[in-house]
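Colleague: structure of the sequence below:
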Amino acid sequence: MANPWAGEVALEIDGRRHVMKLTLGALAELEAALEAGSLVDLVQRFEGGGFSSRDVIAVLAAGLRGGGSDLDAEALRRAEIAGGPMAAARAAAQLLARAFMLPDER
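Modeller: Coordinates of the predicted model:
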């Protein structure tokens, strides 16, 4: 079970439930994957609804690795995500929000 208090988010990918988390290492990986801009820019894009599918895949891939999965961005491009693109985007937004929330905000 995903623990929101620990920043975890669950998502079903190819029929298997995965628990994701944006650890410090996963956030560093996400910054590198973005190649331009910052994590603040990414959070603002999600808050404003101006994110891309590339953003969603990058956040989910980082969260999967932070949660201990070996799935990467290429595997996500081919994967069947329960709930479709909207569920994927929602999970990515939750990961970002939980990674940057203060403990008393959760």
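
Colleague: pull out the buried positions in the lengthiest helix in the chain.
Modeller: In terms of residue count, the longest helix belonging to the chain (DSSP state H) is helix 84-100. Neighbour-count burial for helix 84-100, counted by 16 or more other CB atoms under 10 Å, picks out 88, 89, 91, 92, 93, 94, 95, 96, 97, 98, 99. Where C-beta positions appear, they are placed from N, C-alpha and C, glycine not excepted.

Colleague: got a list of what the residue nearest to the second one when sequence neighbours are not counted touches?
Modeller: Spelled out, it's residue 89. Excluding the flanking residues, the one nearest residue 89 by CB to CB, 6 or more residues apart in numbering is residue 56, at 5.2 Å. Residue 56 makes contact with 85, 88, 89, 92, according to CB atoms under 8 Å, 6 or more residues apart in numbering.

Colleague: looking at those residues, which is nearest residue 8?
Modeller: Lowest distance from residue 8 to these (CB to CB) belongs to residue 92, with 13.6 Å.
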